[in-house]
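1. I'll drop the sequence and a predicted model, then ask my questions.
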Amino acid sequence: MRKGIVLTALAVMLLAGGAWGQDSLNVTKVGEIAWWDEARNAFYAPGYVYIATQASGLVILDVSNPSLPVELGRCDTRGESWNVTVTGNYAYLAEGSAGIAIIDITDPAQPIEVGRMDSSSFTQVWAANDVATNGEYAYISNTGNPLAVIDIRDPTQPIHIDTLNIGPISALELQGNVLFAVGGSGFSYGLWVIEVTNPSNPVILGNYSPGPGHSYWDLAVQGNYVYVADHLTGLSIFDVSDLEQPQLISNNPVLDEIHRVAVSGDRLYGAVGGWGLGIMDVSTPANPQFLGWADTPYNAIGLCASGAMAWACDGPGGVVTINATNPINPTILNVTGRTAMLSAVALDGQTAYLANRQNGQLGLEAVNISDPADPTWISTCDSVGYPWDLAISGHHAFIAGQGLYVVNILDSTHPQLVAEFLYPFQIYYVCVITADTFAYVCGDYFNGVEFTGVISIYNISDPGNTTLISHYLTPIIVHDIAIYNSYVYYVGPPGICILDVSDPAAPTLAGGIPINRSIHALDIDDGFLCAALSSSGMRIYSLANPTAPVEVGSYEYSGSANAITVAGNYAMLTCSSPNLIYIINISNHSNPYITGYYSIHGSMLGFSDFPEARIAFSEPYVYLADENYFTILDISQVLSAPSPPPELHPSSFSLHPFRPNPFNPSTVARYEIRDASHVVLRVYDTAGRVVAALVDGWREAGSHEVTFDGSGLPSGIYLARLEAGGLTRTQKLILLK
């Protein structure tokens, strides 16, 4: 049993209350800490700053007191938010391949997504990276060439009305009936001036192509001037008093490598990556003057400004509030937003420890969980490089990242690094478990020629003096490991390998389990090994003979497994595509069945081949580390549910409700037939056309499951019809994209 527990999934994401709605069975959320992903860009409206925070969606700050910004509300959307624009009561998020999210911000404390224009509406490659709008029409730039025009007069039903093929666009700004756009590099791209008096027929008025050696990333428009962030040459300023002939009047290289630009009066602010925030005087646009720098902690990649106040989006550093009343020596007032990419969790009494690998900058987070309804952050140990996984033994955390790190956690307010081992080779993915006096670390590395695998064994009997015992090199990448007695079981194509570690200094290969499907993760408890396949399956093996395991049971599920943990009578799985937690009762190893699940609003993306310990369990709570979220779930109902599964040969004919429903993009049907017969299960659209044939063949009596994948279908209502033995059943389905 792993000290950090993990669960699996098949989920639907429902738009409700500004976050994904919850589809669940016997599982209840009781507490949560919501971190940010990277702060990418921001928009200022009087009293508020709206922030696009990549995977964690829209965050709204109350900045009425600039010295003390307060997070007021957030809307966790399904895409990765790169840019944000606000007009009236709506915020518009550019979310790459997920399109544009339209969010009602009438109540800034409760922003709600009300509409979306996604990439499936377009035939060309399309990834939204900026949006400009007047409240009636939105103009969307994207990396796949065409500029899209969207009718948003009904924000709940945006309509694509036109495209303009002008090359990859990186940024837009709308001034009245004129749209300014920049993007790309070389002769094909540059600055465009577009008339949009008739939104369904935009007309290019003027264009400036800078030639090679330029890369236009952003722009700001004020009066007759356009200020362009040229990432290769600095700040370029154009006179656009003649819209048909934009004129370059100055280029200042001081803000070289500039990402974003904002103008307020005579002040220009530039987000210049690792340099921070640059400030210039543009009272004379033809001769801008550099004033000063605000050195932000991380990497300034976005910003917004009002007068002498600026807010820099500092990537993993959150949002930095800057007072530039003295522009030569601006003052950093505040840093807002704790960011995270949580990959693992382990428990020590009333404290949860989380591996936070956000941008490789953070480390080990400690959280007080004494009140599950109100978890609170305690501290960070940032001495750990890019942590992927962790395990706890005694008063020490063993963390796998760029090496093996040993942290004393006796005082959770001040965790202390006491030992570290940096690998002599590059480790890309790792996991760590502890057993008795040993720690086992697995990973993959590049030896200069090819990727291969490694298992390292450490003596941790004296944690402060942890010593390396041996490396065991494998010809294949090692995905996950588990320990049983004196054997290590590790995942690597084409199955499970068994390593005899009775002599830790000389581990030897002792056997294996050939499996013709890819395995992502495994765990062992009470003499049984559970293996999560890369898709649609779990296998259970008896280890009565540790070197020759025997398969005793299996369970089919939908989704791509990230990790698995076994605790007593339950196997807990995490999956992506879709995102859900499954809890599977394995008390009868030959007949496992689902007894609980929970649809989460985090991403659960993980990596296709490498498991991460995303769950810890302490009855009756499950603690989930899910990238930007630390969530506490109560599974009391699961633990008290009756043990026997449903009858294998039911006395009735039934088509159970599809779960989840509504769904996106897939859902699972369970049906029962009382006699063996030819079964037909089809899905129809509202016009009566067959859109999917899920089952058409002979099936034995009993319960069956099948997955319906609606990836290629538009949102809408569908009907599922089951036919067998002269009987029929129907269910209504809602595909919500």
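-> Here it is on my side, so go on. Numbers count the residues shown, from 1 in each chain.

2. show me where this structure has helices.
-> 636-640 (DSSP state H).

3. domain assignment for it?
-> Taking automatic domain parsing as the criterion, the chain consists of the domains 35-336, 342-640, 654-735.

4. can you give me the mean pLDDT across the longest one?
-> Looking back up the chat, that one is domain 35-336. Average pLDDT, domain 35-336: 93.

5. between the two ends of that domain, what distance do you get?
-> 11 Å (C-alpha to C-alpha, to the nearest Å).

6. my guess is L509 contacts C497. True?
-> Yes: with contact defined as C-beta atoms under 8 Å, L509 reaches C497; the gap is 6.6 Å. In this view, the C-beta of every residue, glycine as well, is placed from N, C-alpha and C.

7. which one of those two has more residues nearby?
-> C497 (21 against 12; other C-beta atoms under 10 Å).

8. from H471, how far off is that one?
-> Separation of C497 from H471 (C-beta to C-beta, to the nearest Å): 16 Å.

9. now D523
-> Separation of D523 from H471 (C-beta to C-beta) stands at 23 Å.

10. more neighbours: which of these two?
-> Between D523 and H471, counted using other C-beta under 10 Å, D523 has the larger neighbour count: 29 against 14.

11. surely the more buried one meets A561?
-> No: using C-beta under 8 Å, D523 is not in contact with A561; the gap is 11.5 Å.

12. for the domains of the chain, which one sits closest to N26?
-> domain 342-640 (3.8 Å; C-beta to C-beta).

13. may I have the phi/psi pair for the closest residue to G527 other than its chain neighbours?
-> Spatial nearest neighbour of G527, excluding adjacent residues (C-beta to C-beta, 6 or more residues apart in numbering): L543 at 5.1 Å. Dihedral pair for L543: phi -110, psi 30, per degrees, to the nearest 10.

14. wait, L543 sits on D526?
-> No: contact criterion C-beta under 8 Å: L543 and D526 do not qualify, at 9.4 Å.

15. specify which residue of those two has the higher count of neighbours.
-> L543 (19 against 11).

16. distance of that one from T686?
-> 52 Å.

17. in CSV, list the domains of the chain along with distance to K29.
-> Below are the domains of the chain laid out as CSV (distance: least, C-beta to C-beta, whole Å):
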stretch, distance to K29
domain 35-336, 14
domain 342-640, 6
domain 654-735, 16
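
18. T28: which of those domains is closest?
-> domain 342-640 (4.7 Å).

19. quote the end-to-end distance of that closest one.
-> This stretch, domain 342-640, spans 30 Å end to end (C-alpha to C-alpha).

20. could you do stretch 500-515 as well?
-> 20 Å.

21. contacts for that stretch?
-> With contacts defined as C-beta atoms under 8 Å, 6 or more residues apart in numbering, stretch 500-515 is touched by 438, 440, 455, 457, 459, 469-470, 472, 486-488, 494-499, 531, 533, 539, 541, 546-549.

22. and these, which are buried?
-> 438, 440, 455, 457, 459, 469, 472, 486-488, 496-499, 531, 533, 539, 541, 546, 549 (16 or more other C-beta atoms under 10 Å).

23. show me those that map onto strands.
-> If you go by DSSP state E, the buried ones among the contacts of stretch 500-515 have 438, 440, 455, 457, 459, 469, 472, 487-488, 496-499, 531, 533, 539, 541 in strands.

24. V178 and V193 touch, don't they?
-> Yes: V178 is in contact with V193 according to C-beta under 8 Å; the separation is 6.4 Å.

25. who's more crowded, those two?
-> When neighbours are counted by other C-beta under 10 Å, V193 comes out ahead of the other of V178 and V193, with 23 against 17.

26. any stretches of the stretch 301-450 of the chain with poor pLDDT?
-> Applying pLDDT under 70 to the stretch 301-450 of the chain picks out residues 359-362, 424-431.

27. what ranges does it have for its strands?
-> With DSSP state E, counting those that start in this stretch applied, the stretch 301-450 of the chain shows strands at 302-306, 309-313, 319-323, 331-336, 342-348, 351-356, 364-368, 376-381, 389-393, 396-400, 403-408, 416-422, 426-435, 438-446, listed in chain order.

28. distance check, the residue lying closest to S24 once chain neighbours are set aside against A669.
-> Of all residues not flanking S24 in the chain, Y598 sits nearest, at 4.6 Å (C-beta to C-beta, 6+ apart). Noted for Y598: a distance of 20 Å to A669, by C-beta to C-beta.

29. again with I455
-> Separation of I455 from A669 (C-beta to C-beta) stands at 41 Å.

30. again with H231
-> 50 Å.

31. what of Q110?
-> Distance from Q110 to A669, by C-beta to C-beta: 35 Å.

32. who's more crowded, the two?
-> A669 (23 against 15).

33. surely that one meets Q731?
-> Yes: the criterion here is C-beta under 8 Å, and A669 meets it with Q731 at 7.5 Å.

34. give me the common contacts of these two.
-> 655, 658, 720.
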